[in-house]
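Peer 1: Could you work out the structure for the sequence below:
(chains A, B, C and D)
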Amino acid sequence: MSGNQTVEAFRAELRGWLEENCPQEMRDGGMSEDAICWGGTQWTFSSPAQKDWLERAAAKGYTVPTWPVEYGGAGLNREEEKVFHEEMARINARSPLQSFGIWMLGPALLHFGTHEQKLHYLPPIARGEIRWCQGYSEPGAGSDLASVQTKGADQGDHWLVNGQKIWTSYADKADWIFALIRTDTDAPKHKGISFLLIDMNDPGVETRPIKMISGISPFCETFFSDVKVPKHQIVGEENRGWDVAKYLLTHEREMISGGGAGLSGGGRALGAILAESAGEDGLTDATLRADAMRCEIDALAIGLTLERYKDQSEAGQGAGDASAMLKYMGTELNKQRHELLMNAGGSDALEWDGPLGNRAGDWLRTKANSIEGGTSEVMLSIVSRRVLGLPG
Amino acid sequence: MSGNQTVEAFRAELRGWLEENCPQEMRDGGMSEDAICWGGTQWTFSSPAQKDWLERAAAKGYTVPTWPVEYGGAGLNREEEKVFHEEMARINARSPLQSFGIWMLGPALLHFGTHEQKLHYLPPIARGEIRWCQGYSEPGAGSDLASVQTKGADQGDHWLVNGQKIWTSYADKADWIFALIRTDTDAPKHKGISFLLIDMNDPGVETRPIKMISGISPFCETFFSDVKVPKHQIVGEENRGWDVAKYLLTHEREMISGGGAGLSGGGRALGAILAESAGEDGLTDATLRADAMRCEIDALAIGLTLERYKDQSEAGQGAGDASAMLKYMGTELNKQRHELLMNAGGSDALEWDGPLGNRAGDWLRTKANSIEGGTSEVMLSIVSRRVLGLPG
Amino acid sequence: MAKLVMTEDETMLADSARGFLDSEAPVKALRDLRDAGKTHDAALWKKMADMGWAGVLVPESAGGSDMGSAAANVLAHEMGKTLVVSPFLSTAVIAATALRQVSDARAEAALAKIATGDVTYALAVDEGAKFDPNAVQMTAKPDGNGFRLSGKKQFVVDGGLADRLLVLARTDNGLSLFDIPADRAGVTRDASNMIDDRDAARITFEDVEATGDDLLGTVDQAMDVLRPALQAGQAALAAEMSGLTAGAFGMTVGYLKERKQFGIEIGRFQALQHRAAHLWCEIEVTASAILHAGRMLDHDPENAALAVSLAKARATATAKLAVQEGVQMHGGIGMTDAFDMGFYMKRARVGAEWLGDYSYHAEQVAALRGF
Amino acid sequence: MAKLVMTEDETMLADSARGFLDSEAPVKALRDLRDAGKTHDAALWKKMADMGWAGVLVPESAGGSDMGSAAANVLAHEMGKTLVVSPFLSTAVIAATALRQVSDARAEAALAKIATGDVTYALAVDEGAKFDPNAVQMTAKPDGNGFRLSGKKQFVVDGGLADRLLVLARTDNGLSLFDIPADRAGVTRDASNMIDDRDAARITFEDVEATGDDLLGTVDQAMDVLRPALQAGQAALAAEMSGLTAGAFGMTVGYLKERKQFGIEIGRFQALQHRAAHLWCEIEVTASAILHAGRMLDHDPENAALAVSLAKARATATAKLAVQEGVQMHGGIGMTDAFDMGFYMKRARVGAEWLGDYSYHAEQVAALRGF
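Peer 2: Predicted structure coming up:
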């Protein structure tokens, strides 16, 4: 009961703060690529409101609400976090900042980093000053993430890194990269990898965007030639980077699945979006209506599953390999949602920059959802073996 | 042109014959289990009309219209066969006779049998006097049909057969069985099997129905204890029975797939059946309508595919392993059709012998379609390896 | 919102229910009943009542344990696993929830009898092949201080043997709900020969007398009483179907590990692995919807409609997939009556229809989500 | 019914088309055009016309080869395989079929110019985001001996560069079809930036003059001329999409055989094998529907509607599955612009919408089949 009172007091305070501090322009629920504020040294704000919103939120720790206060967060507990998201959704507020630093590196550092590393790296992420990218995949490796060929040769106080990464999202706009580097070439595949932090401005780091079928280029190739990485820029132990990577993969899966789920109550009903573009009569097309209902039901139920796993995890019942399920279900659903949006959009959706904006680009982008961060096939194999205990 | 004239002359003659000879009662398009006339020594006609219809059709060779006249058929070519089916469908005529003898043993004998065997076995099949059943599967063998354990020991002029068969459809009502028997226990799995014809009245043959989830028991277990099978009762060469079996499996697949397809033009539209049971407003339920349209489209297209393969086969382009495709697509479709019929039937369909007759039993029966005659999984593996040439 | 985690109490309840049902009501109990031509096991129901299950939604004042919908769903889930035959949903969930919407002595007395297992109920709503309460045509014509009921009902689950019937009928300005004894003059019950081997009936009402006392709640306002009862029933049915799904899936995964074909366990075939894994993912997602429905019914019942329809729709679709895959992966043996899988498939079909099918609940979701 | 087997002539036509297109118009030709900012290759179209393809549906009297719809579909299928950019469907199939419904000297002259490749056409029907000819609102008001056309069209495929436009407009008592030069005063064309990198336009008509001569067929009876043209176009588009499907599927199966993951070819993974096999089955079934549509258009055009909608619906669904599986099975590389799979996916989407999407044709099938 007293817990509830505290939470409600927090809600009231937050609501007041949002009312005062969230600029009106930032209350459009913007979810598309260009509404995102990524931060970093190369960042250009799309409007003064976007800048204000980031700065005000960062000052309160609301860019990373669950991180400890000393690392730039607001130290919210699970209940408060729910309230935070509810209140943000209530006024349709945009997220003030998104980044791989928040989603990926932050959780890894909070779990594996030293106190010094946390103090050094986390606050600039929370303030949107430093933008990070991820260096896992390598050409030809595909789903076999542990087949890392990029080498770090031990030079005493640093590693000399040589090799190539691929699918390094937004590497061309990032300031730093966290990467898997092979620091022991004799050890078994999973045992000789270290998780290193590398400054993209270091000599020998080069990056090049990969043009995607959606026309946009979020992904890059990144090359390392004799890049010196000081020994203190390692997260976790030497040659134990796979542990960090696995932890982050699980995290990434949950994150990607969340993108597709539209969460309970929060997201706009798919059918409502469809009904709009279908015209005044609403969603009368039997095929589209049937598909939309199914998709909406699944989206709501997957959103609830995300909530359930968070609640379980808070209750000390880890989700574990079930994150593979969330990743699989969430991304497959998101692909379906966008197929339906394309159907409903008809020929209006077939133009780049047509009357429906970038609907086609967004649709094509979703096709990568079931590939990046572990393919759907890999997720199903994980469930089959680790959850169901099937042989093979 | 003259070919067309001949065909049209045949159509006119046939139409006249049907008008005169097909009893009115036999023009109800009866497709359910109890409308079928199976024949055989145990057969009891459901009505005088059923008996008349069988006798008149048999006299013209119309129970097996494409078989040669000397073996009891009408010797129709492919064009005439199409006309035959069109004219039968036009007046909604029931098939005068159905049997495993017609579908399975007949084609095998026509292809592999000696002239004497054809003369001896085929006419009684065509006249509905002798009913056959099939003895392929054995307990525990499942999809691995060639793992035949029932043994035939060579005793000079006969084999002494011992063992057990399962899924012997209607064995309790059949007069004879065609069965795969291992006549060489030392040879590799596929090389020591013979295709034998066995009289069910022989001492040592016993059969027992298996109760199915649909409540009906078309399937049996059949036991052989020291059954003497004369050497002349073999089809094809000794130890080459697998060739006959493979030929028949292909044939069976096409047959089973045809059952689900509803053929182009001929079958009643699924949607029309659904619309009836959905009431006067027709099929307004979006989910049901969408599913029904998809199912109807697929049924028509699969029906056309069956036609296409028949035409190709006549043109000397064998369907070969593509029969696996027909079997897979046809049976999966048929299961969907019956799921939809159950949906549309609502609670009326949940009673045995309810207002919709045996709809539930028919629905449950279809679940075996994708298992019997080779599972859907086996069909997909055949396509994968033999058609697509994928490794493994 | 309450947390989407099983509480310790719920876990204990599930464990104790499982222990009881494994010994008292395995699938074989259904088979034995069926083979004996029966659709109800009064002794089993009495034992369940003694364990407090009949009173799970009955207020403590009437002798119940008042544990709430989430707890009822836990029980339903466990019963689903072994296809337990009982009037639990009709009586302990639907009728109890309806009765507790009404605060009068008669309802209190009825609730007390439910809790002790001394009375069973059936809900008579459907008149056509599809669930559609608003389309009810059966009439309740004013007659003196009471009414005369005339019309036909079908798919009255547990209606062949229930002691009392909750009957939805059309009055002058709306729908009204009546609570009458099943043996009242003018009531004719024809047992339906159901594919799931359970009790259901077609019932004819010919000028059946109903007094003012037999009216449950307010005249013309049946939905005030019926809606919560339907929602509790739909959620519990969804939970039962998720239990059924778990039962069928457990059999299937076990078979995949043990059955060999072409010399190896069929569970090594990747195509089957991925299908089994997909099915497990669907099951997990459905579990969330069901847990959520229980929480909403217990904590925010006014706004539970979306959660309930979500749960019933998901449970229906998932159960269908589970039994289809179950039969297919078992091969021929799965089609034999000697094997239990067929019982799961048949119950899944009946559960799919009862209290609204997938399409019905999908349309509810669409309406609540604005399209 | 004519036989559902490719004739020798058709097989020869396919082989010769393939030989030509492999050298003149591989997928790289589309890529080069796109990179050059172009949506049409006039030189290629001229070569195709020289091979007689532009005249495939033009009567011999007008210089065509009059080979019929099945032959046109064979060509469209081959073009689909390498995503050939050309006005074949708009001009040689749709416009030629429309024009040959009219027996006058003007139509004969137009057909002759189509056969030689000297004129290209585009069909302007859509006004909203979905194909729906009967909903056309664009007006053709009587004016002297002629009409004045006012309104807007969108998704006019090949409409940015075509020489002439077939325009569907509403006259006093129905719909009428006009054949006008694209550069007539009052016509404004805005090229659409299409995801398939081909030519399409939004076109505005402001008080555009149309003489009686510009009317194709009879006033208010556009469908007499348009229906056969639409059906021929829908069937050929279905054939193009089946070619596209074959192209994407061929790439995918090749990749399955060659690509290794975790040390073995991914084509050894049974889950992928079964999905590829399923896709092949779908492709085979769709092929029958397309062959059948061609036969019906050639031999029984009055009754071809069902066959055509069947072909377009199946082709749409199958192409969608093929490109989705193609991208997924290729993994990340399939998502890059450097790889051709994306071109197939984008063209499949445009083909899905053009001349009626899956749902449109499914409803046609339902109507023709009585539900």
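Peer 1: does stretch C:261-269 come close to chain A?
Peer 2: Yes. Using CB under 8 Å from any CB of the partner chain, stretch C:261-269 reaches chain A at C:265, C:267-268. (C-beta placed from N, C-alpha, C; glycine too.)
Peer 1: Go through those residues and flag which are in strands.
Peer 2: Using DSSP state E, the subset of the residues of stretch C:261-269 next to chain A located in strands is residue C:265.
Peer 1: Of the residues of stretch C:261-269 next to chain A, which is the most crowded?
Peer 2: Neighbour tally across those (other CB atoms under 10 Å in any protein chain shown): the maximum, 25 neighbours, falls on residue C:267.
Peer 1: these two touch, right, residue A:328 and residue A:377?
Peer 2: No. Applying CB atoms under 8 Å as the test, residue A:328 and residue A:377 come out as separate, 9.2 Å apart.
Peer 1: What's the local residue count around the closest residue to chain D within the stretch 151-300 of chain A?
Peer 2: Nearest to chain D in the stretch 151-300 of chain A, going by CB to the nearest CB, is residue A:213, at a distance of 2.8 Å. Residues lying near residue A:213 (other CB under 10 Å) number 25.
Peer 1: Who are the contact partners of it?
Peer 2: A:364, A:367, D:335-337, D:341-343, D:345-346 (CB atoms under 8 Å, 6 or more residues apart in numbering or on different chains).
Peer 1: Next step: the residues you listed restricted to strands.
Peer 2: Within the contacts of residue A:213, no residue falls in strands by DSSP E.
Peer 1: of those, closest to chain B?
Peer 2: Taking those together and measuring to chain B by CB to the nearest CB, the closest member is residue D:341, at 18.0 Å.
Peer 1: follow-up on the earlier one: and the pLDDT at the residue of the stretch 151-300 of chain A closest to chain D?
Peer 2: We have a pLDDT of 88 for residue A:213.
Peer 1: Could you do the one 4 residues further on as well?
Peer 2: What the model reports for residue A:217 is a pLDDT of 78.
Peer 1: what about it, neighbour count?
Peer 2: 16.
Peer 1: tell me the contacts of it?
Peer 2: Contact partners of residue A:217, counting by CB under 8 Å, 6+ apart, are A:209-211.
Peer 1: Out of these, grab the one that's most surrounded.
Peer 2: Using other CB under 10 Å as the neighbour test, the contacts of residue A:217 are led by residue A:210, with 19 neighbours.
Peer 1: show me the contacts for that residue.
Peer 2: By CB under 8 Å, 6+ apart, the residues touching residue A:210 are A:166-167, A:217, A:219-221, D:336-338.
Peer 1: again, only this time at 7 Å
Peer 2: A:217, A:219-221, D:336 (CB atoms under 7 Å, 6 or more residues apart in numbering or on different chains).
Peer 1: Give me the below-cutoff pLDDT ranges for the chain.
Peer 2: Assuming you mean chain A. Residue ranges of chain A with pLDDT under 70: A:1-4, A:30-33, A:254-268, A:277-282, A:318-320.
Peer 1: Sorry, I should have been clearer: chain C.
Peer 2: Per-residue confidence for chain C (pLDDT under 70) gives these ranges: C:1.
Peer 1: on that earlier part again, can you tell me which of the contacts of residue A:210 lies nearest to chain C?
Peer 2: residue D:336 (25.9 Å).
Peer 1: That closest one: how many residues sit nearby?
Peer 2: 19.
Peer 1: What are the boundaries of the strands in the stretch 151-300 of chain C?
Peer 2: C:164-171, C:174-181, C:187-191, C:200-210, C:215-216, C:260-261, C:264-265 (DSSP state E, counting those that start in this stretch).
Peer 1: Please produce TSV containing those, extended by distance to chain D.
Peer 2: Rendered in TSV, the data for the strands of the stretch 151-300 of chain C read as follows (distance: least, CB to the nearest CB, whole Å):
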stretch	distance to chain D
strand C:164-171	31
strand C:174-181	32
strand C:187-191	32
strand C:200-210	28
strand C:215-216	41
strand C:260-261	13
strand C:264-265	12
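Peer 1: Adding distance to residue A:175, write these out as TSV.
Peer 2: Listed next are those as TSV, based on distance: least, CB to CB, whole Å:
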stretch	distance to residue A:175
strand C:164-171	67
strand C:174-181	66
strand C:187-191	75
strand C:200-210	68
strand C:215-216	69
strand C:260-261	56
strand C:264-265	51
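Peer 1: can you tell which of the ones you listed is closest to chain B?
Peer 2: When these are compared by CB to the nearest CB, strand C:260-261 sits nearest chain B, at 5.3 Å.
Peer 1: Phi, psi for the residue of the stretch 1-150 of chain C found nearest chain A please.
Peer 2: For the stretch 1-150 of chain C, the residue closest to chain A is residue C:4, as judged by CB to the nearest CB, at 3.8 Å. In terms of degrees, to the nearest 10, the main-chain angles of residue C:4 are phi -90, psi 60.
Peer 1: so it sits right up against residue A:307, yeah?
Peer 2: Yes. Shown here, residue C:4 and residue A:307 form a contact pair, counting by CB atoms under 7 Å, at 5.5 Å.
Peer 1: Show me how chain A divides into domains.
Peer 2: If you go by automatic domain parsing, the domain ranges for chain A are A:3-106, A:132-239, A:243-387.
Peer 1: is any part of the last one close to chain C?
Peer 2: Yes. Using CB under 7 Å from any CB of the partner chain, domain A:243-387 reaches chain C at A:269, A:271-272, A:274-275, A:282-283, A:292-294, A:296-297, A:300-302, A:304-305, A:307-308, A:311-312, A:315, A:317, A:322, A:325, A:328-329, A:380-381, A:383-384, A:387.
Peer 1: mind listing the helices for the chain?
Peer 2: This is for chain A. Along chain A, the segments classed as helices by DSSP state H run A:2-21, A:48-60, A:78-90, A:100, A:106-112, A:115-126, A:241-261, A:270-278, A:286-314, A:322-345, A:359-366, A:376-382.
Peer 1: I was after chain C.
Peer 2: C:8-24, C:27-35, C:42-50, C:69-81, C:96-100, C:105-116, C:222-258, C:270-299, C:305-330, C:341-353, C:358-368.
Peer 1: just so I know, which of the ones you listed lies nearest chain B?
Peer 2: Nearest of these to chain B, taken as CB to the nearest CB: helix C:341-353 at 2.8 Å.
Peer 1: That closest one packs against which elements?
Peer 2: With contacts taken as 3 or more CB pairs under 7 Å, 6 or more residues apart in numbering or on different chains; DSSP states H and E, helix C:341-353 sits against helix C:222-258, helix C:305-330.
Peer 1: so which of those is the most packed in?
Peer 2: Mean neighbours per residue, mean count of other CB atoms under 10 Å in any protein chain shown, is largest over these for helix C:305-330, with a mean of 26.
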